[in-house]
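Peer 1: Test case, fold it:
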Amino acid sequence: MTDIAEFELDLEHAGLPVTGHGFEAWIAEGRELLKLAGPLILTQLAQMAIGVTDTTMLARFSTTALAGAVLGNTLFYFCWILGSGPTAAVSPMIAHILGADPTNTRDVRVVARMGFWSVVMVATPLMAFLWCARPILILLGQTPELAEAASKFVVPLSFGLPFSLGFQVLRNYSTALSKPRASLIVVSLAVFFNGLFDYALIFGHFGAPRLGLMGSGIASATSFAFTFMAMLAVVRLTPKLHVYRIFIDALTPNWSKLKEIYVLGLPIGFTMLFEALLFFSSNFIMGHLGKDVLAAHIVSLNIPSVTFMVPLGVAMAATVRVGLAAGANDREAVRRAGWTAILVAALFMSLCAVILALWPFEIASLILPATQANLPALALAVTFLHVAAAFQLFDGVQVAAALSLRGLKDARAPMWIAGASYWLAGFPTCIFLGFGLGMQGFGIWIGLAFGLLVAAVLLCWRFWYLSRDR
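Peer 2: Below is the predicted model:
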């Protein structure tokens with residue numbers, strides 16, 4: 001079932017699991033993991049820079065515009081997570097195929113093609129949901145003014161959703177082929193592209209109309225389209241990516257692969273959603289405790305969000321490394337790839353924990369200026385960052401373990417683990433400590449940390465259980 005006769009295949013791009021035993025094999029695996037993870041980490045940080053650009057420019061336009069964008073982005077991110085679950089299945093599926101047979105071009109092409117099919121199938125209903133943003137937000141208790149502002153932002157933004165999901169297919173395809181620099185190049189260009197269009201359409205520069213919030217939505221949607229088109233060009237111009245010719249027979253279905261994408265991808269989407277909803281809920285809960293508590297909470301969440309990009313990039317690389325080993329049916333290589341990723345994530349986040357514990361005020365004041373009016377919020381942020389220092393380790397370990405399991409095509413159990421950890425352990429602890437014991441914001445942060453701790457322990461146990469010799 002291979003297409004080698006069609007064209008000469010350079011196998012170097014596919015990546016190979018590390019074989020052998022002993023300390024040298026672990027060092028070799030660490031080297032392969034970091035080689036793959038480095039560009040992925042930088043890509044995640046570049047994507048964060050796009051969000052920071054949007055927030056900064058809208059904050060300069062008006063507070064209503066900023067608040068509307070926050071609400072609109074919450075709805076958009078909810079839809080994006082649901083849609084990106086099936087696209088995330090592309091990476092482990094291709095890794096398994098190449099691990100079993102590095103010359104199997106046909107099945108790699110089919111998986112990529114069915115990834116695009118999944119985008120077409122999910123994008124339309126999700127876009128229709130976003131078009132109803134105004135009544136949905138009013139139903140959720142938001143004021144008509146903010147609901148209208150969010151709608152002005154998210155309706156034009158919705159047209160970028162299929163492009164964003166299509167980019168994820170291409171990104172996961174190139175990552176599985178050990179070519180992560182392709183997406184890094186594209187996202188780095190998108191930072192400047194998005195900033196330019198934001199500046200033009202929000203404020204009316206370069207002869208463009210002054211559209212404010214709507215202009216930001218149009219700019220972001222255009223940026224998503226740009227990343228997809230640019231990624232297509234990079235794939236076309238990179239011989240080791242173009243060699244699979246993933247658009248051959250683009251309209252031909254493969255029902256078994258499409259089913260596998262959904263069977264694997266939907267639980268992945270719900271796993272991400274369970275964690276995201278816990279932190280979204282904490283925002284609403286903190287809002288009931290006053291503006292200083294909410295400001296401290298937002299500042300304190302932004303800092304771990306940046307450090308989290310490193311273990312997330314390591315974890316995305318682990319999906320491929322574990323998948324290659326699993327496809328080759330090398331149980332020892334599976335264990336080595338997964339535990340190497342977990343160890344690297346743990347070491348980095350432990351370093352971050354020490355830094356947060358030693359200099360919380362200095363770090364928080366980088367985001368929130370240390371003025372007299374901000375001192376109450378900064379004092380709370382220092383307390384929250386001490387808790388964040390503790391959960392850095394748990395957060396890094398849980399994402400590395402979760403995506404190592406994804407490399408084993410194990411998605412349903414991690415979904416239930418995430419649901420139980422965040423909503424049966426973390427959220428009730430937030431409510432009990434925050435309100436039952438009167439610990440308020442500090443108690444809520446302990447609850448968040450506890451949820452991550454439970455997830456880290458259970459996901460590591462799950463990986464150990466599935467990767468052990470039997």
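
Peer 1: contacts, neighbours, all on C-alpha from now
Peer 2: Will do.

Peer 1: What's the separation between residue 307 and residue 240?
Peer 2: 32 Å (Cα to Cα, to the nearest Å).

Peer 1: swap in residue 385?
Peer 2: From residue 385 to residue 240 the distance is 44 Å (Cα to Cα).

Peer 1: So between the two, which is more surrounded?
Peer 2: In terms of neighbours (other Cα atoms under 10 Å), residue 385 is the more surrounded of residue 385 and residue 240; the figures are 28 against 19.

Peer 1: tell me the contacts of the more buried one?
Peer 2: 300, 356-357, 360 (Cα atoms under 8 Å, 6 or more residues apart in numbering).

Peer 1: Now it: which helix or strand?
Peer 2: Assigned by DSSP states H and E, residue 385 belongs to helix 375-407.

Peer 1: pLDDT averaged over that helix, what's the number?
Peer 2: For helix 375-407, mean pLDDT is 91.

Peer 1: For the longest helix that the chain contains, which helices and strands make contact with it?
Peer 2: Ranked by residue count under DSSP state H, the longest helix found in the chain is helix 22-61. Counting contacts by 3 or more Cα pairs under 8 Å, 6 or more residues apart in numbering; DSSP states H and E, helix 22-61 packs against helix 63-88, helix 181-203, helix 213-237, helix 291-327, helix 331-358.

Peer 1: which helices and strands sit right next to the third one?
Peer 2: In terms of contacts (3+ Cα pairs under 8 Å, 6+ apart), helix 213-237 is packed against helix 22-61, helix 63-88, helix 144-158, helix 161-176, helix 181-203, helix 239-242.

Peer 1: Which of those sits closest to residue 250?
Peer 2: Ranking these by distance to residue 250, with Cα to Cα as the measure, places helix 161-176 first at 13.8 Å.

Peer 1: Please enumerate residues in contact with that closest one?
Peer 2: Residues contacting helix 161-176 (Cα under 8 Å, 6+ apart): 14, 36, 80, 83-84, 87-88, 90-92, 94-95, 112, 115-116, 119-120, 123, 127, 180, 182-183, 221, 224-225, 227-228, 231-232, 235, 241, 317, 320.

Peer 1: now those: which count as buried?
Peer 2: 14, 36, 80, 83-84, 87-88, 90-92, 94-95, 112, 115-116, 119, 123, 127, 180, 182-183, 221, 224-225, 227-228, 231-232, 235, 241, 317, 320 (16 or more other Cα atoms under 10 Å).

Peer 1: any idea how far the longest helix of the chain is from the chain center?
Peer 2: 11 Å (Cα atoms, centre = their mean, to the nearest Å).

Peer 1: do stretch 232-243 as well
Peer 2: With Cα atoms, centre = their mean, you get 24 Å for stretch 232-243.

Peer 1: Going by secondary structure, the residue nearest to residue 324 when sequence neighbours are not counted is in what exactly?
Peer 2: Leaving aside its sequence neighbours, residue 324 sits nearest to residue 99 (Cα to Cα, 6 or more residues apart in numbering; 4.1 Å). Following DSSP H and E, one finds residue 99 within helix 90-100.

Peer 1: Show me the contact partners of that helix.
Peer 2: 14, 16-17, 104, 107-108, 111-112, 115, 169, 172-173, 175-177, 261, 319-321, 323-329, 406-409.

Peer 1: For the next helix or strand after that helix, give the mean pLDDT please.
Peer 2: Helices and strands here follow DSSP H and E; after helix 90-100, the next one along the chain is helix 105-131. Helix 105-131 carries an average pLDDT of 94.

Peer 1: Helix 105-131 - contacts with which helices or strands?
Peer 2: Against helix 105-131 (3+ Cα pairs under 8 Å, 6+ apart) you get helix 63-88, helix 90-100, helix 144-158, helix 161-176, helix 255-287.

Peer 1: returning to that earlier point: and of the contacts of residue 385, the nearest to residue 429?
Peer 2: Nearest member of the contacts of residue 385 to residue 429, counting by Cα to Cα, is residue 300, at 19.1 Å.

Peer 1: hmm, back to that, show me which of the contacts of residue 385 is closest to residue 434.
Peer 2: Proximity of the contacts of residue 385 to residue 434 was ranked by Cα to Cα; the top entry is residue 300 with 16.8 Å.

Peer 1: Test my guess that the closest one contacts residue 364.
Peer 2: Yes - Residue 300 lies in contact with residue 364 (Cα atoms under 8 Å); the separation is 7.0 Å.

Peer 1: what residues are shared contacts of the two?
Peer 2: residue 381.

Peer 1: Tell me the predicted confidence for residue 221.
Peer 2: As predicted, residue 221 sits at a pLDDT of 93.

Peer 1: contacting residues around it?
Peer 2: 156-161.

Peer 1: now the residues you listed in a markdown table, with neighbour count?
Peer 2: Below are the contacts of residue 221 laid out as a markdown table (neighbours: other Cα atoms under 10 Å):
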| residue | neighbour count |
| --- | --- |
| 156 | 22 |
| 157 | 27 |
| 158 | 27 |
| 159 | 22 |
| 160 | 25 |
| 161 | 26 |
